[in-house]
Structure formats: structure tokens, C-alpha cells
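A.B. asks: what's the 3D shape of this:
(chains A and B)
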Protein chains: 2
Amino acid sequence: MGRPPLDRKTRRAAAQNMIHSAEQLIEEDGIGHVTIRKIANRADVNSAALYHYFTDVDELLMFACMDIMRLISENVDEVKAQTEDTDPMTRYTRVWEVLCSDGFRNPELTSHVLFGKHSEDIERIVRKYLTIFPAPEHEDDEEPDPERMKSLINHFDFRSDVRQETAGAMNRDVDDPHVEIVTELMMGYYRMLLGELAQDRGNSLSAEEQTEKMLKAAKYLMQKPIS
Amino acid sequence: MGRPPLDRKTRRAAAQNMIHSAEQLIEEDGIGHVTIRKIANRADVNSAALYHYFTDVDELLMFACMDIMRLISENVDEVKAQTEDTDPMTRYTRVWEVLCSDGFRNPELTSHVLFGKHSEDIERIVRKYLTIFPAPEHEDDEEPDPERMKSLINHFDFRSDVRQETAGAMNRDVDDPHVEIVTELMMGYYRMLLGELAQDRGNSLSAEEQTEKMLKAAKYLMQKPIS
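C.D. replies: Residues are numbered from 1 along each chain as shown, chains lettered A, B, ... in the order given. Next comes the predicted model:
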């Protein structure tokens, strides 16, 4: 087992290689079947070497999911831009539609990123990601570019998007306790449906049926006047 | 690796031994750290031998969780008996209180049983469990006792309990679509909070705080009149 190379560029290339290997394996086998051993084999390094760079396989997988999360995030932003002048309830529904459509296509991966071990630790994850993949003009900086930090954090922060749209649709402040409850209930339901799809059990519903359930719940929560 | 013994009694004793070993390991290490290899070591058998008896580690763990599920189920039944004459909203809240109090104490285990790979397959699980642990008077029967089947299935079927109490509290039929939506939303939220507790992340809330969130959501959903 080799010691980690001390040179920053070499270390960076090694970490990038491991992340790319993980990306390939996620694409081929699904995130649920990716192990440290498989990544090490693909990257042609010793399993122990991976722990010089990443705290655990879950952290490494967060980095490998970055591109897919960016895509989902861009789709959400697009819907928000398209519906800027529509009524808040339509906006709200459209945001959930895109979260379902993109999330339910990759249920395990979305679960891992949004509800996994490192999901509450996004700032640290993004900071580390940017030291591994810096913008060319920031290659020699100690600290990652704050603008890129902000933009990448936004890729993971669907809960904020949902909360904001919930506030709009309920015509209440984003900090209103009712907005919080509704956001949490919908996020919990989303997580449950992602979990059911990820387990792919014989009697589980299709992604389209799950989306319909999700939108029905959204409509139900929005329709009801608050006492 | 030995072939499975053909005699029913010997096979049964071997399966029981593996389940008891799994129970001990759950108690000692938590369900998330129990592996086939550890169970095999504890039961003093070859890892491969376990697959003669169980389809996978998740199935074996379902059997090992039976006692704890029975306990939770009995607590729910007790609350239902105690609140038979109280108003349906109090009953509903009390049922969630006991599900939180018992579930949040064993979040990983409860998640595994209620939202795991085999959770939609309870009838098969219970049938198999009863062939491994038959009542003494049914030791030689081919089929498990239907009464015990029913009673054990009930130990896992919290969703039905919740749905029934939801219907009561909403003063609607148990098959009403609104009852379904509210039940699903609450189950999803329960699952999310169990997951957060199971991951035991630094910034996660205590079981008491999670219970409070759950009851707030219950109150919110029940309070609002339906349009």
C-alpha cells in the first residue's frame, strides 16, 4: 500500500481518477452496488489508498453524483425561470414534477445524495470537491472560489427550493411554521417514494404512478385552508 | 461447507441458532453493523450455510427483529385499548406518540422492518418464521396455525393501524382517498425522521425533538378542514 503522494497536483489527479472510476461504476451497476473494492479495482489502486483521500465510500460517491445533481438542479432552475409569471400553485406543482421526473429515474442515487450520510454536510462536501476539481484559474488557490462554492451548494439544496415554492403557494413567509411542516411532509413523502423505487420491489408502483401520488399529496396540502 | 441437514427438527434448530445469533449481534452492535459473516461466526457455521436457510441477510434480520416488533405492536394495542372511549384525535395522537417513542429508540431496526427490502412481503416472512418457530402443538404441521399467522402479521402492520386511526380522526371512511394521502404523508415523514436518527448525524435532533415534529405534523394535518 503506497503512501499518498505529497505533491498537490498528483494527489488531485489520483482523487479525480477514483471519482471518475466511481462514476463509471454507478453508470454501469447502479449506486447501490458500488463498493470501495470495485472502485479501487477500476482505478487500479489499493483499497486502502482510497481512504487517504476520502473518509468513506459514501463521501466518494457524493462527489461522483455531482454531475447528475447539477443536471437536476439546472432543470429545477429552468422550471422556475419558465414559471416566473405563473401563479404560485402551478410553479409549485411544476417544481415537484421535475423533482419527481429526474429523481425517480435515479432513485437510489437521489436518495444517497439528498438523504444519505453526508447530506447535511453539503458545504464541507462542496469545499472538498472544489479542491479536487478547481476551476483552471483557481488551481493554485488554497481556498475554493466562493462564487463556485455557492453555485454548487445550490445544486444540492432542493429543500430550500421546495420550501421557497411552498411559501409562495401558501402565500406565507418562508419561515412560517406551517410552511416548514408542509415542506417536511413533502420531503418525507418524496424520500419514501424514492426508497420504494430504489428497492424495486415486485409490487411497487412505476415512476409515473409515484409521481401522480406525489402531485396528489401536493395538491391536497395546498388546497386545504389553514385554520 | 456442509449440505443442509434433511431432518426437519435439525434444520429448524439450525435456523433458530442463526436467528438467535443475529438477535445477539443486533443487541450488541446495532442492526446496521450486522453482516452475514458476523452471524455465521457467532452461530459457528459457514457463511454459505446461512443461504441454505435464508434468501439474504435482510430476511434473516427480519426474523431477528420479531420480538421487538411484537413489543411495539403490543404497546400500540394497549394505547388503542386505553383510548377506546376518548375522542379520535386524542387516540390518533397517542398512537403516533407510541410509534415515535418505540420506533425512535430503535430507528435503524424499525426502518429495516417497516421500510426495508422485505417489508411488503410480510405474509411470506411470517409464514416462514412460524415454520422455524412453531407453537409446540403445531410442531408437526405442514402449514402454520392461521390464528398465529394473523396475530404475527398484525405485529408488522402499523400502516393499517395508522390508516384506521387517521380515518377515525378525520371522520372519514378508511378507503377515502384523503385518508390515504394523510396516512402516506405521515408514514413518509416517520420514515424520514427514523432515517435521520439512524444516521445519527451531528446536527440531527434528539428523539424527543423528532417526536415533537411528528406530532406537530399530525396536528397540522388533522386541524385543517378539507375543502
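
A.B. asks: per-domain residue ranges of chain A.
C.D. replies: A:8-64, A:66-223 (automatic domain parsing).

A.B. asks: which stretch in these has the least confidence?
C.D. replies: Here the domains of chain A differ in mean pLDDT, and the lowest is domain A:66-223 at a mean of 90.

A.B. asks: do it and chain B meet at all?
C.D. replies: Yes. Using Cβ under 8 Å from any Cβ of the partner chain, we find that domain A:66-223 touches chain B at A:115-117, A:120-121, A:177-178, A:181-182, A:184-193, A:195, A:199, A:201-204, A:213, A:216-217, A:220-221, A:223. (Glycine included, C-beta is placed from N, CA and C.)

A.B. asks: start to end distance for that domain?
C.D. replies: Domain A:66-223 has an end-to-end distance of 35 Å (Cα to Cα, to the nearest Å).

A.B. asks: just to revisit the earlier point, can I get the buried part of the residues of domain A:66-223 next to chain B as one ChimeraX selection?
C.D. replies: Remark: buried members of the residues of domain A:66-223 next to chain B, expressed as a ChimeraX selection using 16 or more other Cβ atoms under 10 Å in any protein chain shown:
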select /A:115,116,117,120,121,178,181,182,184,185,186,187,188,189,190,191,192,193,195,199,204,213,217,220,221
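
A.B. asks: residue A:76 versus the spatially most central residue of chain A, what's the distance?
C.D. replies: Nearest to the mean C-alpha position of chain A, by Cα atoms, centre = their mean, lies residue A:113 at 4.1 Å. As judged by Cβ to Cβ, to the nearest Å, residue A:113 and residue A:76 stand 14 Å apart.

A.B. asks: look up the closest residue to the residue nearest to the centre of chain A, ignoring the ones flanking it.
C.D. replies: The shortest distance from residue A:113 to any non-neighbouring residue, by Cβ to Cβ, 6 or more residues apart in numbering or on different chains, is to residue A:65 (4.9 Å).

A.B. asks: next, the contact list for the residue nearest to the centre of chain A, please.
C.D. replies: A:62, A:65, A:69, A:119, A:156 (Cβ atoms under 8 Å, 6 or more residues apart in numbering or on different chains).

A.B. asks: from chain B, how far out is the second one?
C.D. replies: For residue A:65, the distance to chain B under the criterion Cβ to the nearest Cβ, to the nearest Å works out to 17 Å.

A.B. asks: and the pLDDT at that residue?
C.D. replies: Looking at residue A:65, the pLDDT reads 93.

A.B. asks: phi, psi for it please.
C.D. replies: In terms of degrees, to the nearest 10, the main-chain angles of residue A:65 are phi -90, psi 0.

A.B. asks: isn't it up against residue A:116?
C.D. replies: No. If you go by Cβ atoms under 8 Å, residue A:65 and residue A:116 don't touch, sitting 9.4 Å apart.

A.B. asks: ok so, going back, ok, now how distant is the residue nearest to the centre of chain A from residue A:195?
C.D. replies: The separation that residue A:113 has from residue A:195, given Cβ to Cβ, amounts to 14 Å.

A.B. asks: likewise residue A:176?
C.D. replies: 28 Å.

A.B. asks: and if you look at residue A:59?
C.D. replies: From residue A:59 across to residue A:195, the span is 21 Å (Cβ to Cβ).

A.B. asks: any idea how far residue A:154 is from chain B?
C.D. replies: Noted for residue A:154: a distance of 20 Å to chain B, by Cβ to the nearest Cβ.

A.B. asks: surely that residue meets residue A:73?
C.D. replies: Yes. Residue A:154 is within contact range of residue A:73, at 6.4 Å (criterion: Cβ under 8 Å).

A.B. asks: next, the buried residues of whichever helix or strand residue A:37 is part of.
C.D. replies: Assigned by DSSP states H and E, residue A:37 belongs to helix A:36-43. For helix A:36-43, a neighbour-count test (16+ other Cβ under 10 Å) marks A:36, A:38, A:39, A:40, A:42, A:43 as buried.

A.B. asks: which of those residues lies closest to residue A:134?
C.D. replies: If you rank these by distance to residue A:134 using Cβ to Cβ, residue A:43 comes first, at 20.3 Å.

A.B. asks: Three-state assignment for residue A:142, please.
C.D. replies: coil (DSSP: H, G, I helix; E, B strand; the rest coil).

A.B. asks: which residues sit in contact with it?
C.D. replies: Counting by Cβ under 8 Å, 6+ apart, residue A:142 makes contact with nothing.

A.B. asks: cool, residue A:130 as well?
C.D. replies: A:138, A:144, A:145, A:148, A:149, A:152.

A.B. asks: how near is the closest residue to the third one other than its chain neighbours to residue B:8?
C.D. replies: Which is residue A:145. Nearest non-adjacent residue to residue A:145, counting by Cβ to Cβ, 6+ apart: residue A:138, 5.1 Å away. Remark: distance between residue A:138 and residue B:8 (Cβ to Cβ) = 69 Å.

A.B. asks: ok, residue A:129 touching residue A:151?
C.D. replies: No. Using Cβ under 8 Å, residue A:129 makes no contact with residue A:151, being 11.8 Å away.

A.B. asks: more neighbours, the two?
C.D. replies: residue A:129 (20 against 13; other Cβ atoms under 10 Å in any protein chain shown).

A.B. asks: that one sits in which helix or strand?
C.D. replies: Using DSSP H and E, residue A:129 falls in helix A:122-132.

A.B. asks: looking at the domains of chain A, which is closest to residue B:102?
C.D. replies: Closest to residue B:102 of the domains of chain A, according to Cβ to Cβ: domain A:66-223, at 18.8 Å.

A.B. asks: where's that closest one relative to the chain centroid, distance-wise?
C.D. replies: 7 Å (Cα atoms, centre = their mean, to the nearest Å).

A.B. asks: ok, stretch A:46-63 next?
C.D. replies: Centre-to-centre, stretch A:46-63 and its host chain are 18 Å apart (Cα atoms, centre = their mean).
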